[in-house]
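Novice: Dropping the sequence and predicted coords here.
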Amino acid sequence: MVFAMTQQPRPRLSAEDWLMAGFRALADQGPSALRAEALARNLGTTKGSFYWHFKDLPDYLAKLIALWETRAFTDVLASLDPDLPPRGRLEQLCLLATGYRDPSYGGIALEPALRAWALSAPDVADALRRMDARRLDALADLCTQAGITDPVAPRALYALAIGVEALGDDKGTEAMRLVLRGL
């Protein structure tokens, strides 16, 4: 008697699956890993799946950057507890900026990889400038609401968050708490 082996069908990949794979590849290997064939290999599928979701590589890269901008700003601000006083929301935001990073999204290495990529990709550099400006404005607004009037405070907090990421430091939360106690 011969038994036929049935192979389980692979679940269909979504556009977000491809984008998340791109974030991980960027964080792990840099922008040269953002190619349809390499991403397909990492996901165990074919390039056809990539082209089902994206017109071409530039379309994919634009959507990758757009998703990063949403997740790294809009989603973070939306996650702040509106019931906290302004100082509490500021602290929550700063601790989020230096705390845990989702490994499925590239982990703590994602933003340094984006900053490195921006050195050779003008569209990424533009997105990074927009993000830096939006984040600094949000920090300035929260500092003002929290009664912190030193105009350098938002920039210092943001520089600390960027530095923690650049170092890949798992002690970022403790460093941010120390700085926030001094404000």
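Specialist: Everything's here; your move.

Novice: Output the longest helix belonging to the protein.
Specialist: helix 122-145 (DSSP state H).

Novice: ranges for the helices of the chain?
Specialist: Remark: helices assigned in the chain by DSSP H are 15-29, 36-43, 47-53, 57-69, 75-78, 86-98, 110-118, 122-145, 153-167, 172-182.

Novice: Would you single out the least confident of these?
Specialist: Ranked by mean pLDDT, the helices of the chain end with helix 172-182 at the bottom, a mean of 82.

Novice: any residues touching that helix, and which ones?
Specialist: Here helix 172-182 makes contact (Cβ atoms under 8 Å, 6 or more residues apart in numbering) with 90-91, 94-95, 97-99, 156-157, 160-161, 164-165, 169. Quick note: C-beta positions are derived from backbone N, CA and C, even for glycine.

Novice: Let's see that with 10 Å instead.
Specialist: By Cβ atoms under 10 Å, 6 or more residues apart in numbering, the residues outside helix 172-182 that reach it are 87, 90-91, 93-101, 108, 146, 148, 153, 156-157, 160-161, 163-165, 167, 169, 171.

Novice: What number of residues are in the vicinity of Val139?
Specialist: I think there's a mix-up here, since residue 139 is Leu and not Val. 22 (other Cβ atoms under 10 Å).

Novice: And the one 3 residues further on, by the same measure?
Specialist: The tally of other residues near Leu142 (other Cβ under 10 Å) stands at 24.

Novice: Would you check that it makes contact with Leu90?
Specialist: Yes. Counting by Cβ atoms under 10 Å, Leu142 does reach Leu90; the two are 4.2 Å apart.

Novice: Mind listing the shared neighbours of those two?
Specialist: Common contacts of Leu142 and Leu90 (Cβ under 10 Å, 6+ apart): 80, 148, 153-154, 157.

Novice: Many thanks, have a good one.
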